[in-house]
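Asks: predicted model and sequence below, questions to follow.
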Amino acid sequence: MSVGLRLTFAEYERLVKDGAFTSLRDRRIELIHGELREKMPPGPDHSEVVSRLNEWSLELVAKKLARIRIQDPVGMPELDSAPDPDVVWAKARDYRDRHPLPPEVLLLIEVADSSLESDCGEKADLYAAAGIQDYWVVSLPVRLVHVYRKPTGGAFTEHHTHGIGEILHPLAALQFALSVAELLGP
């Protein structure tokens with residue numbers, strides 16, 4: 001019986017620092033519960049939605065409320081994980097020495113095309129276990145946004161879906177509104 005190689009968060013960070021993954025070039029990987037996982041390359045619709053989320057998020061940067069990170073890891077040492085979400089609003093600080101940790105994450109967003117089942121399943125469980133307070137999954141196939149909040153005991157206790165015609169407000173900045181129609185419309 002063979003068993004895949006499992007890495008701790010510290011081992012993964014050391015490998016990244018030592019350049020162990022540079023030969024992968026444009027292939028995107030992340031560490032989830034000690035396992036290296038390859039992410040699918042984004043299609044045009046996925047890239048456009050991430051760009052729209054980035055532009056909307058930049059309003060916060062001007063007010064210095066958050067540091068916006070696009071497709072960069074969040075460190076979860078206790079869970080041997082370093083997921084690579086599409087958009088993260090992290091508390092405003094310099095992150096040159098490390099990636100944001102869960103208590104510093106104000107909003108975490110995944111854009112899902114083929115990854116919807118994972119993003120609303122395993123990833124939602126991971127983010128809840130880490131204590132992420134505001135997690136959104138933008139579902140490209142059905143053009144709606146899943147909003148997960150109130151993590152308790154490793155699971156989110158609130159889950160709502162929002163479609164075209166609805167407005168979203170992040171918990172960290174309720175004064176900011178995001179129209180689902182503008183995000184997912186033509």
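Replies: Received, thanks. Bear in mind that the values here come from a model prediction, so they are computed numbers and not experimental data. Numbering: from 1, shown residues only.
Asks: tell me the secondary structure for Arg96?
Replies: What DSSP: H, G, I helix; E, B strand; the rest coil gives for Arg96 is coil.
Asks: how near is it to Glu30?
Replies: 20 Å (CB to CB, to the nearest Å). Any C-beta I mention is one placed from the backbone N, CA and C, and that applies to glycine too.
Asks: ok, now Thr161?
Replies: Distance of Thr161 to Glu30, given as CB to CB: 25 Å.
Asks: who's more crowded, these two?
Replies: Remark: of Thr161 and Glu30, Glu30 carries more neighbours, 19 against 13, as counted by other CB atoms under 10 Å.
Asks: do a quick rundown of the strands in this structure.
Replies: Ranges of strands in the chain, per DSSP state E, are 28-32, 35-39, 66-70, 87-91, 105-112, 134-139, 144-152, 155-163, 167-168, 178-179.
Asks: what mean pLDDT does the fourth one get?
Replies: It stands for strand 87-91. Averaging pLDDT along strand 87-91 yields 96.
Asks: ditto for the second one
Replies: Throughout strand 35-39, pLDDT has a mean value of 91.
Asks: many thanks, have a good one.
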